[in-house]
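Q: Compute the structure for the input listed below.
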Amino acid sequence: MNSSLRILIIGQNGQVSQALQKRLAAVGELIVLGSSQLDMARTDDIRAPIDALRPDLIINAAAHTAVDQAESEAERAFAINATAPGVLARAALGLGVPLFHYSTDYVFDGRKPEPYTEDDAPNPLSVYGRSKLAGEEVIREAGGQHLILRTSWVYSNAGRNFLLTMQRLLQEKPHLRVVADQIGAPTWAGTIADSTAKLIERWQAGQCGAWGTYHLTAQGQTSWFGFAQAIGENLVEQHKPCAVLEPIPSSEYPTPAPRPLNSRLDCTRLLREWRVSQPDWRSALRQCLAGQA
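A: Take a look at the predicted model:
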């Protein structure tokens, strides 16, 4: 552990923050601020405590992630996902330290047939996507050292996510209909934390690539239906009950916020610039299901 490296993690109880806290405990001194200590919706109150703490690195793992709820509370979503990251970026610039920030595949409209690269033009379909894109833009405008890491379909053994919901529903119901025309890469929070640790190690060793925007997801691709199948296969292996799954189109499962049909992100740039790679989504899912941190 590099005890001289003070890492400030914004967000305490979310999936990514919990994984970061486990993984980065051996990397440096962690200072974790949850919503009770730092309310990201109260954007005028963010800067002073960060200046007082004087961290060596700021990691923003806080976000308004309730995609459908954001449609009816856009002001709050934009405060947390857009205005607050701008405050963090300016604070980081003032302290002369980097900011790591997590963004999303939802900045794209999903109409491209191939995986999205960092050079593709964003076109979000939802309030959540627009708020996250606005957050990216204010971080870039601040002009400091930063990594914006776009990820997708995040899950873990904690919190509220597709994995835990499916595990419950597959055991409760005899039949389950799951969307099969949205394609992406389920990404374990542990994978994000591992990759973040490697990025910090590269930076500390003076081996970092260019600062900027990168895609960080598990390798491979599947649909929500395929993800549910993999979760169901694990239940069967444990001799637990498992519903019969039926694939359906998105049109048969309407939601307040539209989702991109193609959420695949090309992660080549992160490998080339920072020499950080991610595992295949199936192998990461097995790690998560085995209870690994």
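Q: what about this protein, any weak spots by pLDDT?
A: For the chain, applying pLDDT under 70 flags the ranges 1-3, 292-293.
Q: quick one: the strands in it?
A: Remark: strands assigned in the chain by DSSP state E are 2-10, 28-33, 57-60, 99-104, 146-151, 154-155, 175-179, 183-184, 187-188, 212-215, 222-223, 244-248.
Q: Out of those strands, the one nearest R202 is which?
A: When those are compared for distance to R202 using CB to CB, the nearest one is strand 146-151, at 10.6 Å. To be clear about C-beta, it is placed using only N, CA and C from the backbone, and glycine gets the same treatment.
Q: quick one: strands adjacent to that closest one?
A: strand 99-104 (parallel), strand 212-215 (parallel) (DSSP bridges).
Q: Can you tell me which of those strands is most buried?
A: Sort these by mean neighbour count, taking mean count of other CB atoms under 10 Å, and strand 99-104 sits at the top with a mean of 25.
Q: re earlier: take the strands paired with strand 146-151 and lay them out in CSV including distance to A70.
A: Conversion of the strands paired with strand 146-151 to CSV gives the following (distance: least, CB to CB, whole Å):
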stretch, distance to A70
strand 99-104, 12
strand 212-215, 22
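Q: out of the ones you listed, which comes closest to A89?
A: Across those, the minimum distance to A89, taken as CB to CB, is reached by strand 99-104, at 5.5 Å.
Q: What lies in contact with the closest one?
A: With contacts defined as CB atoms under 8 Å, 6 or more residues apart in numbering, strand 99-104 is touched by 16, 57-61, 63, 85, 88-89, 92, 128-129, 132-133, 135-136, 139, 144-152, 192, 196, 199, 213.
Q: Please, where are all the helices along the stretch 151-293 of the chain?
A: Secondary structure of the stretch 151-293 of the chain (DSSP state H, counting those that start in this stretch): helices located at 162-172, 189-204, 224-237, 268-274, 281-289.
Q: Dump those helices into CSV; add distance to A77 as well.
A: Below are those laid out as CSV (distance: least, CB to CB, whole Å):
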stretch, distance to A77
helix 162-172, 20
helix 189-204, 21
helix 224-237, 23
helix 268-274, 27
helix 281-289, 27
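Q: coming back round to it: closest one to Q204 among the strands of the chain?
A: Smallest distance to Q204 across the strands of the chain (CB to CB): 6.9 Å, for strand 2-10.
Q: Just want the angle from the closest one to strand 99-104.
A: Orientation check (axes from the mean of the first three to the mean of the last three CA atoms, to 10 degrees): strand 2-10 against strand 99-104 gives 40 degrees.
Q: Quick check: buried residues in strand 2-10?
A: L5, R6, I7, L8, I9, I10 (16 or more other CB atoms under 10 Å).
Q: Tell me how many other residues crowd P258.
A: Using other CB atoms under 10 Å as the criterion, P258 is surrounded by 17 other residues.
Q: correct me, but it touches Y128?
A: No. At 10.4 Å, P258 and Y128 do not qualify as touching, with contact defined as CB atoms under 8 Å.
Q: Thanks a lot, catch you later.
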